[in-house]
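Trainee: Next comes the sequence, and after it the predicted model I'd like to discuss.
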Amino acid sequence: MKNEERQKVIDLTIDKVSFQLQEVHDFSWLKEIGEVFCVFDQQDSGNIGFGLAKNNQKFFVKYAGAKPIDYFGNPEDAIDRLLKAIPVYEQLKHPYLTKMIDHFYTENGYAVIFEWFEGECLHSHWSFGGKEKYINPHSPFYRFKHLDINKRLNVLNMIYSFHVFVEAKGFVAVDFYDGSILYDFKDNRMKICDIDFYRKSPIINEIGNDYWGAVRSKAPEEFILGDPIDSKTNVFTMGAIAFGLVGGEMDHSISKWEAGEKLYEVAIRATEKNRDDRYCTLKEFYEAWQKALN
């Protein structure tokens, strides 16, 4: 929604860090967790994020209950969505997933505490929006795309390994895109974050065209009301992520592909518009990907 459509913007400051909301909100409970050193206040999910430090430890707090400037829904709905995410993080604990430490109600909302990961989001729209994501040398996405191909393929391998695990647990990945990927450029490590919408299978698209996810990584069925959202959907997403990280993103031509013809053939099959032409499961896709790597 356009800025001029916002009712109002309130400036707040906690521990010398300034941010904006649509209305005043009590965050005094954060003091017990640590000192705020950064705030992520430009999310449209209804959540606001805080980086906090205490006794040489860092934490990330995801909070629902306030009214971020880019959120135009009901805070109660955001709280409900965050509550539903708790069992997802509990059941999908994994070395490649950000670790949830605690979660609790506050007087006006709900908070989830995660271990802090020294990585940068590949879709940091709050700092590098629009074309800047792709052309600014300081953009995490730009820097990632200019890494050695083997480092990028290693990240894809970790992403695929995690999602095969997700599938084996009976879950379907929803709203996974490059904004779910954190990369530590110093130590070449990766973590997946923000799996709040992952759900137990079977599920269907109950929203229609605006189903959760980024257009660049959504399967055709994620635009159609009532269509199944399942392993074949996730196969498409994983192929789309490959095109995003080692190819031409939504341009699936081999001329933009950097990882060799064998891997290209796997990715192009994964992103077939016809569901029946894709790999049936993430496990099958991952096995084909690994075979093509060798």
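Mentor: Thanks, I have it. Residues are numbered from 1 along each chain as shown.
Trainee: Identify the residue nearest residue 212 in space, chain neighbours excluded?
Mentor: Nearest residue to residue 212 in three dimensions, chain neighbours excluded: residue 175, at 4.0 Å (C-beta to C-beta, 6 or more residues apart in numbering). All C-beta spots, glycine's among them, are computed from the backbone N, C-alpha and C.
Trainee: burial of that neighbour, as a residue count?
Mentor: Number of residues near residue 175 (other C-beta atoms under 10 Å) recorded here: 20.
Trainee: Look at the closest residue to residue 11 other than its chain neighbours and tell me its secondary structure.
Mentor: Once flanking residues are discounted, residue 11 sits nearest to residue 20: 5.9 Å by C-beta to C-beta, 6+ apart. Following DSSP: H, G, I helix; E, B strand; the rest coil, residue 20 is assigned to strand.
Trainee: How about the one 3 residues further on?
Mentor: Of the three states, residue 23 takes coil under three-state DSSP.
Trainee: Who are the contact partners of it?
Mentor: 8, 10, 66, 67 (C-beta atoms under 8 Å, 6 or more residues apart in numbering).
Trainee: do you know how far the first one is from residue 67?
Mentor: What that stands for is residue 8. To residue 67, residue 8 is 10 Å away according to C-beta to C-beta, to the nearest Å.
Trainee: For these two, work out which one has more neighbours and name it.
Mentor: Neighbours per residue, other C-beta under 10 Å: of residue 8 and residue 67, the larger number sits with residue 67, 21 against 9.
Trainee: Nearest spatial neighbour of that one, chain-adjacent residues omitted?
Mentor: That would be residue 22: by C-beta to C-beta, 6+ apart, it lies 4.0 Å from residue 67.
Trainee: tell me the centre residue of the protein?
Mentor: residue 180 (2.1 Å; C-alpha atoms, centre = their mean).
Trainee: isn't that residue right next to residue 191, touching?
Mentor: No. Assessed by C-beta atoms under 8 Å, residue 180 is found out of contact with residue 191, at 9.6 Å.
Trainee: pLDDT-wise, what's the bottom of the contacts of residue 23?
Mentor: Among the contacts of residue 23, residue 8 carries the lowest pLDDT, at 82.
Trainee: And residue 182, how close does it get to residue 158?
Mentor: For residue 182, the distance to residue 158 - C-beta to C-beta - is 11 Å.
Trainee: what do the two both touch?
Mentor: With C-beta under 8 Å, 6+ apart, residue 182 and residue 158 have common neighbours residue 190.
Trainee: Those two: who's more crowded?
Mentor: Taking other C-beta under 10 Å, residue 182 and residue 158 do not tie; residue 182 has more neighbours (21 against 18).
Trainee: host element of that one?
Mentor: strand 181-184 (DSSP states H and E).
Trainee: pLDDT weak spots in the stretch 51-200 of the chain?
Mentor: Along the stretch 51-200 of the chain, the model assigns pLDDT under 70 to no residue.
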